[in-house]
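**Q** I'll drop the sequence and a predicted model, then ask my questions.
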Amino acid sequence: MYIETSNQLAEGDFKYTKVTKAGAITEVMSSTRVYGDAGITKITADLYMINRTGEVKEYNHTETRLENISSVRRTIHDIRMYVNANADDPKKMKWVTFTYAENMTDNKRLYHDWKVFWKRLKRYCNRKGYAIPEYIKVAEPQGRGAWHLHVIFIWQNDAPFIPNNDIAAMWGQGFTQTKAVTNCDNIGAYFSAYLTDMPLEEAQTKVDSDTWEKIKQLPLVEKEVEENGIKVSKQMLKGARLYLYPTGMHWYSITSGIKSPQVEKMTYDEWLEKEKSLLGTQTFSSSSIIHIDADTPNIVINREYYNANRKGTQLNE
């Protein structure tokens, strides 16, 4: 048994397609096997599929750390889709990063400090006559063990002007920074990159030796990031931060008014009849062909992404 992957769509006798729309982003998964509504579907004793994304993973029967990384990756995917489903208008949102002045590693304190800040922010908005926003909140682990909070606040109308000094005073634990996202056409991807990728310098100097051995072979890319309001170029290890998320911690939350992505299930023939131009530019495609044995038909899974904000052809960018 082996899995053949490609950045090209594969041919197959497809039975099932799931189309997930999150704002301007549409995610499409087509499979030669029909799956149910559970989170994962067992394919073989060693393989399972994540039904939300079509990703094929190997069961790991002994290494719980790797199982946790797969769980974190699925959660990051969900966060990305929530962000795109709600933060499609930059004028209605603020992205704020909350940091601590000291090396704060206590999960319980993190929860407590956020509750205190949230109460203060609601009082501040009421006093100023501003509406109370919805939010998507994610805790991000640092290489040295400390925590940052990344929060996207979303208003129904244009976001009010709240000086960063006021936000920092309400936080009272260190520093805050508001990031601009006006030039980003896929906010969910931009946001989730902060939660998964790690600067090479941080990985080399801050993480413990066991973690460094696990992440040092990950792909290294040059990326432009924002620091203190200034854009700088850094070498980043893709996916390295996934190895820092602890097990058993609920490290993200959303308010009740946050919209879920829209999911539509259909036959593959119905998908072929859809007008793809209405979904925007196809920005990514991939396929997984699962070769089980000579007596079992291959399982083929195709994935496609479309962005209604894009113009022209930008496939697998």
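**A** Yep, it's here. Numbers count the residues shown, from 1 in each chain.

**Q** wait, residue 306 sits on residue 285?
**A** No. Between residue 306 and residue 285 there is no contact under Cβ atoms under 8 Å: 9.9 Å. In short, each C-beta sits where N, CA and C put it, glycine included.

**Q** more crowded one of those two?
**A** A direct count of neighbours by other Cβ atoms under 10 Å for residue 306 and residue 285 places residue 306 higher, at 22 against 18.

**Q** ok, residue 110 - contacts?
**A** The contact partners of residue 110, taken as Cβ atoms under 8 Å, 6 or more residues apart in numbering, are 104, 139, 147, 149.

**Q** Quick check: can you list the domain ranges of the protein?
**A** 2-56+263-307, 84-254 (automatic domain parsing).

**Q** Need the ones you listed in a markdown table (columns: distance to residue 74 and mean pLDDT).
**A** As requested, those are exported to a markdown table (distance: least, Cβ to Cβ, whole Å; pLDDT from 0 to 100):
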| stretch | distance to residue 74 | mean pLDDT |
| --- | --- | --- |
| domain 2-56+263-307 | 6 | 86 |
| domain 84-254 | 11 | 93 |
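
**Q** Output those domains as TSV; include the columns distance to residue 70.
**A** Below are those laid out as TSV (distance: least, Cβ to Cβ, whole Å):
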stretch	distance to residue 70
domain 2-56+263-307	8
domain 84-254	9
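
**Q** Any idea which of those gets closest to residue 78?
**A** Closest of the domains of the chain to residue 78 is domain 2-56+263-307, at 7.3 Å (criterion: Cβ to Cβ).

**Q** start to end distance for that closest one?
**A** 32 Å (Cα to Cα, to the nearest Å).

**Q** Can you give the distance from it to the centre of its chain?
**A** 19 Å (Cα atoms, centre = their mean, to the nearest Å).

**Q** Any buried residues in stretch 212-222, and which?
**A** Of the residues in stretch 212-222, 212, 215, 218 count as buried by neighbour count, 16 or more other Cβ atoms under 10 Å.

**Q** For it, which outside residues touch it?
**A** By Cβ under 8 Å, 6+ apart, stretch 212-222 touches 197-198, 200, 203-204, 207, 233-240, 243.

**Q** now it, how far from the centre of its chain.
**A** Using Cα atoms, centre = their mean, the offset of stretch 212-222 from its chain centre is 19 Å.

**Q** now swap in stretch 241-249 and tell me
**A** 14 Å.

**Q** For it, list every residue counted as buried.
**A** 241, 242, 243, 244, 245.

**Q** now do stretch 259-271
**A** 261, 268, 271.

**Q** Can you lay out these as JSON lines showing secondary structure?
**A** Formatted as JSON lines, the buried residues of stretch 259-271 follow (DSSP: H, G, I helix; E, B strand; the rest coil):
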{"residue": "261", "secondary structure": "coil"}
{"residue": "268", "secondary structure": "helix"}
{"residue": "271", "secondary structure": "helix"}
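
**Q** Please export the C-alpha coordinates of whichever strand or helix holds residue 232 as PDB.
**A** Per DSSP states H and E: residue 232 is located in strand 230-237. The C-alpha trace of strand 230-237 is given here as PDB (Å, rounded to 0.1, in the frame of the first residue of the first chain):
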ATOM      1  CA  ILE A 230       7.100  47.300   9.900                       C
ATOM      2  CA  LYS A 231       7.200  44.600   7.200                       C
ATOM      3  CA  VAL A 232      10.500  42.600   7.200                       C
ATOM      4  CA  SER A 233      11.600  39.500   5.300                       C
ATOM      5  CA  LYS A 234      12.400  36.400   7.400                       C
ATOM      6  CA  GLN A 235      13.300  32.700   6.800                       C
ATOM      7  CA  MET A 236      10.400  30.600   8.100                       C
ATOM      8  CA  LEU A 237      10.100  26.900   8.900                       C
END
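
**Q** all helices for the stretch 51-200 of the chain, in order.
**A** 64-86, 107-128, 164-171, 187-196, 200-205 (DSSP state H, counting those that start in this stretch).

**Q** Now render those helices as TSV, adding distance to residue 48.
**A** Below are those laid out as TSV (distance: least, Cβ to Cβ, whole Å):
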stretch	distance to residue 48
helix 64-86	9
helix 107-128	29
helix 164-171	41
helix 187-196	21
helix 200-205	29
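
**Q** Out of those, flag the one nearest residue 294.
**A** Here helix 64-86 is closest among the helices of the stretch 51-200 of the chain (Cβ to Cβ), at 28.8 Å.

**Q** Good, wrapping up.
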